[in-house]
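Student: Fold the following.
(chains A and B)
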Amino acid sequence: MNTPKDLRYTKDHEWVRLEGDVAVIGITDYAQGELGDIVFVEVETEGEELDAEEVFGTVEAVKTVSDLFMPVAGEVIEVNEAIADDPALVNSDPYGEGWMIKIKLTDAGSVAELLDAEAYEALIA
Amino acid sequence: MATAEGVMQRTPLYDEHVKNGAKMVPFAGFEMPVQYTGVKDEHICVREAVGMFDVSHMGEFVVTGPGSIDFLQKVTSNDVSKLVDGKVQYSCLPNGKGGIVDDLLVYRIAEEKFLLVVNASNMEKDWNWLNENNSFDCTLENKSDDWALLAVQGPKTSEALQSLTSVTLAEMKYYTFEVGEFAGVQGVMISATGYTGAGGFELYVRNSDAPAVWNAVMEAGKDHGIKPCGLAARDTLRLEMGFCLYGNDIDDTTSPIEAGLGWITKFTKEFIDGDLLKKQKEDGPSRKLVGFELVDRGIPRQGYDIVDGNGNKIGYVTSGTMSPSTNKAIGMGYVSTEHAKTDNSVYIAIRNKQIEAKIVRPPFYKA
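Tutor: Coordinates of the predicted model:
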């Protein structure tokens, strides 16, 4: 199980990478493994301002469908177009090419309150 | 047979699954492998080569005695008198209220000896139902805890397994079986059946022999690209063929006529719900189980509503997935009969959207 140290995590298995006042969001290696082969990622909240824990999209695996939750509040400013064409990127590279959205943070300090890698690893252990 | 709640049974192949890196999940009271390398990979392996499934959780009942045929004629929908020794029949157990207790395979072992193979999730219900209706003095034995079942499926199965047995596999006809030596084990029931539409065999072996047979098949299949496969691939494979899954597409509230199982419902004999189902067939059912493909993006799932162009509910989805073979979103569901015509457009309510789907006649994939 891969859990990069420089990211923050949620109990819903999303990860967050801070890039200035923008946060990149995806699902964890553990989450993609549990979902299995991902066949469709639907995000239709581009341009919307969402609260923490609001649903920003859904991820469809062969077997199951799962909601995607905002780890922190912010405005969805970009959606990864590459995973629309090739959703398997979420399986093969969940922290890289398989990222899902970029958000403009409502509160720049909010990310620091999320789980760190160690706490997330303890959660999924 | 019944287990205390929360106590999971393991099949005799549990250790092989763990050794092969399977992800284990609870299913019908058993810890079963849901996938090994991944559902798509395993699915394609079965379509193109050969894969092996542990389906030892399935239930096996043996019916013996002079009243066996009369008993089975009464409780099953298909015509058991058409069976000869060595032949298998797909059938269902009508529930006395127009629904289905379970679907099953009926094997004729001898004139007065039959094997019934039932779904694990229904085993206790089936056992009780069969015993309640056994007014023919048949002996019913539940052998489920003694037997393991390995499904070896895919176009290369015969080639892959031939070195393990003197039974000429390629010559066996679909829905027949033979009992013979297999991988050095005596008395293996080799059945030319399966739930994938990819061809292959199902092997009934005693629990104690199951690990040895599993490993012999893995070894023999190595050069043919064999992979162990989980329940997830079993589900996508059956759905591509439009095969019904009990608990999804058929249950105690759906009739075999509605489910398109008229072909295993024979009115040439008397059976439970025979009159009711005959009338339903003559009058035409008010709803039908159909297959559909999504026109726009989305994945249908069990329980989603099916609506017409005006958003009125006309039915519900019973099974759905992204077909690994065709990469199309496919599903099955009940719709009112006036909407059930092939090529008709219906809409699947997926979250806040209505996605167009076209009624198609399964199978969704043709080899």
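Student: can I assume B:A259 is in contact with B:L289?
Tutor: Yes: B:A259 lies in contact with B:L289 (Cβ atoms under 8 Å); the separation is 4.7 Å. C-beta: built from backbone N, CA, C; applies to glycine.
Student: Could you find the residue nearest the spatial middle of chain A?
Tutor: A:G26 (2.2 Å; Cα atoms, centre = their mean).
Student: Surely it is in contact with A:W15?
Tutor: Yes: shown here, A:G26 and A:W15 form a contact pair, counting by Cβ under 8 Å, at 5.6 Å.
Student: Next to chain A, which bits of chain B? Give me the list.
Tutor: Counting by Cβ under 8 Å from any Cβ of the partner chain, the residues of chain B close to chain A are B:34-35, B:38-40, B:232, B:235-236, B:297-299, B:301, B:321-322, B:324, B:351.
Student: Give me the PyMOL select line for those, limited to the buried ones.
Tutor: Per 16 or more other Cβ atoms under 10 Å in any protein chain shown, the buried members of these correspond to this PyMOL selection:
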select buried, chain B and resi 34+35+38+39+40+232+235+236+298+299+301+321+322+324
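Student: Just the residues of chain B next to chain A: which are in helices?
Tutor: B:V39, B:K40, B:A232, B:D235, B:T236 (DSSP state H).
Student: which residues sit in contact with residue 37?
Tutor: No chain specified, so I'll use chain A. A:A61, A:V62, A:A88, A:N91, B:G38, B:V39, B:K40, B:P324 (Cβ atoms under 8 Å, 6 or more residues apart in numbering or on different chains).
Student: wait, I meant chain B there
Tutor: Listed by Cβ under 8 Å, 6+ apart, the contact set of B:T37 reads B:G21, B:K227.
Student: before we move on, what about B:G59?
Tutor: Counting by Cβ under 8 Å, 6+ apart, B:G59 has contacts B:V117, B:V118, B:N119, B:A120, B:N122, B:M123, B:D126, B:W127, B:N142, B:S144.
Student: Look up which residues are beta-bridged to the residue lying closest to the third one once chain neighbours are set aside.
Tutor: If the residues on either side of it in the chain are set aside, B:N119 comes closest to B:Y246, at 5.0 Å by Cβ to Cβ, 6 or more residues apart in numbering or on different chains. Here B:Y246 sits in beta bridges with B:I250, as judged by DSSP bridges.
Student: who touches B:Y246 in this structure?
Tutor: By Cβ under 8 Å, 6+ apart, the neighbours of B:Y246 are B:I100, B:D102, B:D103, B:N119, B:S121, B:N122.
Student: In strands, which of those residues fall?
Tutor: B:I100, B:D102, B:D103 (DSSP state E).
Student: Make TSV out of the residues you listed and add neighbour count.
Tutor: Below are those laid out as TSV (neighbours: other Cβ atoms under 10 Å in any protein chain shown):
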residue	neighbour count
B:I100	25
B:D102	24
B:D103	24
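Student: Would you state the helices of chain A in chain order?
Tutor: A:29-35, A:82-85, A:89-92, A:117-124.
Student: Kindly report the same for chain B.
Tutor: B:14-19, B:39-48, B:68-75, B:123-132, B:157-161, B:210-221, B:231-241, B:274-283.
Student: Which residues outside the longest one are in contact with it?
Tutor: Contacts of helix B:210-221 with the rest of the structure, by Cβ under 8 Å, 6+ apart, involve B:11-13, B:15-16, B:50, B:52, B:54, B:56, B:148, B:150, B:152, B:156, B:160-161, B:163-164, B:182-185, B:188, B:203, B:205, B:226, B:228.
Student: Restricted to strands, list the residues you listed.
Tutor: Filtering these for strands - DSSP E - leaves B:M52, B:D54, B:A148, B:L150, B:V152, B:F182, B:V185, B:V188, B:L203, B:V205, B:P228.
Student: How about the residues of chain A by chain B?
Tutor: A:G36, A:D37, A:V39, A:F40, A:E42, A:T58, A:E60, A:V62, A:K63, A:V65, A:N91.
Student: can those residues go into CSV with extra columns for pLDDT?
Tutor: Output for those, formatted as CSV (pLDDT from 0 to 100):
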residue, pLDDT
A:G36, 93
A:D37, 95
A:V39, 95
A:F40, 95
A:E42, 94
A:T58, 96
A:E60, 95
A:V62, 92
A:K63, 86
A:V65, 93
A:N91, 97
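Student: Narrow these to those in strands?
Tutor: A:V39, A:F40, A:E42, A:T58, A:E60, A:V65.
Student: wait, which of the residues of chain B next to chain A is closest to B:N133?
Tutor: Nearest to B:N133 among the residues of chain B next to chain A: B:D235, at 30.4 Å, using Cβ to Cβ.
Student: residue contacts, whichever residue of chain A sits closest to chain B?
Tutor: Per Cβ to the nearest Cβ, A:V39 is where chain A lies closest to chain B, at 4.1 Å. Applying Cβ under 8 Å, 6+ apart to A:V39 gives the contacts A:E60, A:A61, A:V62, A:P87, B:I299, B:M322.
Student: can we see that at 6 Å?
Tutor: If a contact means Cβ atoms under 6 Å, 6 or more residues apart in numbering or on different chains, then A:V39 has A:E60, A:V62, A:P87, B:M322 as its contacts.
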